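In: Could you look at this predicted model? Sequence included:
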Number of protein chains: 2
Amino acid sequence: MNILFVMYDQLRFDYLSCAGHPTLRTPNFDRVAAQGVRFDRAYVQSPVCCASRMSFYTGRYTSSHGASWNNYPLKVGERTLGDHLRDNGMQAWLIGKTHMAVDDAGMDRLGISRDGVIGARVAECGFDVWTRDDGLWGKGPDGAYDRRRSPYNAYLAARGYPGANPWHDHANAGVEEGRIASGFLMRHAGRPANIHEPDSETPWLTDQAIAFVDAQPTDAPWLAHLSYIKPHWPYIVPEPYHALYRAEDVLPAVRDPSERIDPHPVFDAFQSGTVSAAFHRDEVRETVIPAYMGLIAQCDDQLGRLLDHLQRTDRTRDTMILLTSDHGDYLGDHWMGEKDLFHDPSVRVPMIVLDPRPEADGTRGTVCDALVEAIDLTAAFIEVAGGTVPEHVVEGRSLLPFLHGREPGDWRQAAISEYDYSGTGHAETLGLAPRDCRLFMVATERWKFMHAEGGFRPMLFDLRADPQELNDLGASADHAVVIAQMYGHLHRWARRMSQRTTISDAEIAARRGASGGKGILIGAWSEADVAPAHLSDYVGPAPDLPE
Amino acid sequence: MNILFVMYDQLRFDYLSCAGHPTLRTPNFDRVAAQGVRFDRAYVQSPVCCASRMSFYTGRYTSSHGASWNNYPLKVGERTLGDHLRDNGMQAWLIGKTHMAVDDAGMDRLGISRDGVIGARVAECGFDVWTRDDGLWGKGPDGAYDRRRSPYNAYLAARGYPGANPWHDHANAGVEEGRIASGFLMRHAGRPANIHEPDSETPWLTDQAIAFVDAQPTDAPWLAHLSYIKPHWPYIVPEPYHALYRAEDVLPAVRDPSERIDPHPVFDAFQSGTVSAAFHRDEVRETVIPAYMGLIAQCDDQLGRLLDHLQRTDRTRDTMILLTSDHGDYLGDHWMGEKDLFHDPSVRVPMIVLDPRPEADGTRGTVCDALVEAIDLTAAFIEVAGGTVPEHVVEGRSLLPFLHGREPGDWRQAAISEYDYSGTGHAETLGLAPRDCRLFMVATERWKFMHAEGGFRPMLFDLRADPQELNDLGASADHAVVIAQMYGHLHRWARRMSQRTTISDAEIAARRGASGGKGILIGAWSEADVAPAHLSDYVGPAPDLPE
């Protein structure tokens, strides 16, 4: 079986019609959900691109792999999904974005060149590259944000788009009175992007995916990580998508004035940041969110195109389809913009899995509310490839039992997410050393909890009484017992064994007691205490000393 | 300045006359202590060879580097003391034992050959090898414990010692009625080893060290890790050392019958193991301990020989000397043999540092009772080499301020040690999965605490009221507050950031806000929200669309 591992960037869990959005229509997402299982409580390991993705791609928590924020390099030696799949005879290809930063210093230290296949994979997070395009071709007075060559800009140039950076000037900008209207300025979000729609990023990447699928032999299994750049900002979308939704389709912000009164200091800092302040304004929400919804609608149409192609080429039969996102987008909820913290709009993601095999027939169209983590996917993919999950390396648990109607009795009681904001200005606002800029989330069936390093109180939400997470109980004396339970979950997890990755439990068990057979005899007083064979090399006439 | 980093194997903290041993004489250890600082509360990161050493050699906790038990490979990519020193212009050489297991699978995965200097260092824990000899040349029906070639056996063969394994037959065996009397059988501990004393392991390794020192240029700084095999078992020593001490010189075992009544289940399992059971018997202690003391006396004499040589060659002036051990030896205390748990005889080690520079004149001959961890040495060595400790990689703190009379005001309040016994038979006795065979120690000025995974109660000792650690308060309701405090220390530590090793705090701070200058503009509504320079690439006449 093949795996089509589709990731969207910054797609909220609830911006799909199958997840209940009342005004947005996503018939193709819904079509996959109707044939698969929609995991309704899926959390990413960190609500920020790079850290989250490195967890998807390693199957490990962010504090285990260490690449805990954007452009913090993934250290050489971390084993990836690609490594695990190839160990099991499945290829792993990248089509789109990873946001992976290379550990150049580590590669140099170990003498690993990018010119060989090993180094090329180390530098690409374990994937073979069909197309890599991180979709952030920003450029400013200090140079380019991403110093690679952009395949997408090369495509646009070949199509006749002029200029050095058509990614910005066409795909991510509109026109205002004959001048470039950058999508980086949110006031332009309602304009159509100055591009022929089929040339915009989402259709272009879909073209790549179709070309990839068509080029594969039918007898060699593959995973394709089709990793879209959208609906991530710049919030701007070409015609007709720019006009599909209007201000009246925008849901009211999930926020309450009480959230601004004596909030948790870290929440306060984030609420007060530039992005959040922008999203406090209705004008911003009413301009940006229709564009965000249009971007999702375009993603949905392109998903339909891809699904149709798979059907036409008879690949739906032997291809698992997975739809997810690296994190959400607050869009003004909780007085926040962007992602970063642990309210649902940020940390909870769509996760829809379609397994075409008959074993999954019993669960088609169902919704699963088990506490699922991004790293569970990695484990599932290894199983799909026919492997056994190497539990000493991969920290997630396979989701396949849920798909096959065999819900595990010992599933986790708490999901964990982490956030390292050392790279943000909030670190300075709060006066914290980089190592104290770390947040931990614990989500259980009923509670959502956040611990912040740096001496702060925790945050706590009762998801049953307060599903919108508006009432922070972190300072409530009545909840001391719950808070202690949450710390119990956090600390059991914090003490986990995450780095004993060079030896499996099975190897450990097999080695036990073996040293005796190799002449290492501990605690023996006399011959009677040792199996005679273990002494066989140590007996005989005493040899003479040399002169 | 050079560094002579001398490690003994299995040397207890209290088996030195300068540490108060009443019958053992160690004039040369005492001589270093009289010129340096003796750290009296130094703990290893794990009371077992490999794990402890990998912490000394990486400056990282065992759960950070992952090589948590003997022969669990150190994963490729872990940075070592040698890496850090060479970054600062100091060579790092190995003379003796490391007990390091190579991550062969990792080297293969990354295409790193041992034939180049990079691979050779990766395979030797970051050292260049003057002599590597782990001193465990056991052989039995299942083959050799260590499959390398033994330099020490080669030496003995060249000296005319016969047989395939003179390490065993001569250096580690005596003679009983004309037959080999293996030192692996403790009843032979009182016999002299069947070897000319200058050919035994400790003098041989000292010869190597002297040859190393003499071969070094005077203008290039080096660290030599002189890593002795002794006084580790087999407990047997050549003449005259075999007869230096007798049963009457053996101190009474530090143990109490109450320790056998309803002990902590993990303690119970270890107490009941083969080695411990042997040491319950006075006959074993009275035979083995004099040999152990003889081995230490021989180490002391060879230390004197080395110190004299340094003095004669004028290297004491520019050579820091450090004496320590990888862990201790219960020798029957607490009904235990070997090491493994966290009572002082096992986890506390000698640590004597002689800094010849004038800055250290004010502390010569003093004793420091700060809570010191093995990994603090790694940090100190980096500073001696002229470097700044990379705090995002090395978790220890430099000891130099203590030597220079500038005690840090914010020194740690709790020392941590860990033990992974998944590789032992006790895992089976207790019916635990390998990942639950993990123990954690917290030692504060007053308390010693142990947490065991697997659902057990903790252990707790009041070091003030009970310095011999005989009265386990882990089940005492009166100590709930103390136990909670100890868990507080443990969990603060467990949440530490240990894997963000590819980017330093300084680099993080320097990057903050830099993306705006590279055209990544987040949260801007209009031009007024952005520095004009940051928009410079995004303005101009709107380009035409291609046909």
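Out: Now that the structure is in, tell me what you want to look at.
In: Alongside chain B, which residues does the stretch 201-350 of chain A contribute?
Out: Within the stretch 201-350 of chain A, the positions adjacent to chain B are A:233, A:273-279, A:281, A:283-284, A:337-338 by CB under 8 Å from any CB of the partner chain. Every residue, glycine included, has its C-beta placed from N, CA and C.
In: from those, which is closest to chain B?
Out: Ranked by distance to chain B (CB to the nearest CB), these are led by residue A:275 at 3.2 Å.
In: re earlier: buried subset of the residues of the stretch 201-350 of chain A next to chain B as a ChimeraX selection?
Out: A single ChimeraX command selects the buried members of those (16 or more other CB atoms under 10 Å in any protein chain shown):
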select /A:233,273,275,276,277,278,279,284,337,338
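In: In strands, which of the residues of the stretch 201-350 of chain A next to chain B fall?
Out: Using DSSP state E, no member of these sits in strands.
In: Dump the residues of the stretch 201-350 of chain A next to chain B into JSON lines; add pLDDT as well.
Out: Shown next, in JSON lines, are these (pLDDT from 0 to 100):
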{"residue": "A:233", "pLDDT": "97"}
{"residue": "A:273", "pLDDT": "93"}
{"residue": "A:274", "pLDDT": "93"}
{"residue": "A:275", "pLDDT": "95"}
{"residue": "A:276", "pLDDT": "96"}
{"residue": "A:277", "pLDDT": "96"}
{"residue": "A:278", "pLDDT": "97"}
{"residue": "A:279", "pLDDT": "98"}
{"residue": "A:281", "pLDDT": "97"}
{"residue": "A:283", "pLDDT": "97"}
{"residue": "A:284", "pLDDT": "98"}
{"residue": "A:337", "pLDDT": "97"}
{"residue": "A:338", "pLDDT": "95"}
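In: Now, the residues of the stretch 201-350 of chain A next to chain B that are in helices?
Out: Judged by DSSP state H, helices contain the following of those: A:274-279, A:283-284.
In: of those residues, closest to residue A:506?
Out: Using CB to CB, residue A:275 comes nearest to residue A:506 of these, at 48.0 Å.
In: so that closest one makes contact with residue B:523?
Out: Yes - using CB atoms under 8 Å, residue A:275 is in contact with residue B:523, at 3.2 Å.
In: what's the closest non-adjacent residue to residue A:100?
Out: residue A:125 (4.1 Å; CB to CB, 6 or more residues apart in numbering or on different chains).
In: That neighbour: how many residues sit nearby?
Out: A count of neighbours around residue A:125, defined by other CB atoms under 10 Å in any protein chain shown, yields 27.
In: Look up how far residue A:191 lies from residue A:173.
Out: 8 Å (CB to CB, to the nearest Å).
In: Please enumerate the shared neighbours of those two.
Out: Shared contacts of residue A:173 and residue A:191 (CB atoms under 8 Å, 6 or more residues apart in numbering or on different chains): A:181, A:236.
In: More neighbours: those two, which one.
Out: Between residue A:173 and residue A:191, counted using other CB under 10 Å, residue A:173 has the larger neighbour count: 29 against 21.
In: Pull the contacting residues for that one.
Out: Neighbours of residue A:173 in contact, by CB under 8 Å, 6+ apart: A:180-183, A:188, A:193-194, A:234, A:236, B:538, B:542.
In: So in terms of bridging, what pairs with it?
Out: The bridge-partner assignment for residue A:173, based on DSSP bridges, gives residue A:182.
In: That one and residue B:505: what is the separation?
Out: Distance, residue A:173 to residue B:505, using CB to CB: 37 Å.
In: How about residue A:219?
Out: 51 Å.
In: burial measure for residue A:8, as a count.
Out: Close neighbours of residue A:8, defined as other CB under 10 Å, add up to 27.
In: May I have the residues that are in contact with it?
Out: By CB under 8 Å, 6+ apart, the residues touching residue A:8 are A:228, A:230-231, A:299, A:323-326, A:350.
In: Can you convert these into TSV and add a column each for secondary structure and neighbour count?
Out: Formatted as TSV, these follow (DSSP: H, G, I helix; E, B strand; the rest coil; neighbours: other CB atoms under 10 Å in any protein chain shown):
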residue	secondary structure	neighbour count
A:228	coil	27
A:230	coil	25
A:231	coil	25
A:299	helix	26
A:323	strand	26
A:324	strand	21
A:325	strand	26
A:326	coil	29
A:350	coil	24
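In: tell me which of those is nearest to chain B?
Out: residue A:231 (15.0 Å).
In: Touching, that closest one and residue A:11? I think so.
Out: Yes - if you go by CB under 8 Å, residue A:231 and residue A:11 touch, sitting 5.8 Å apart.
In: what do the two both touch?
Out: Common neighbours of residue A:231 and residue A:11 (CB under 8 Å, 6+ apart) are A:296, A:299, A:329.
In: Now the stretch 351-500 of chain A against chain B: closest residue?
Out: For the stretch 351-500 of chain A and chain B, the shortest gap (CB to the nearest CB) falls at residue A:499, measuring 3.3 Å.
In: Local confidence estimate at that residue?
Out: We have a pLDDT of 98 for residue A:499.
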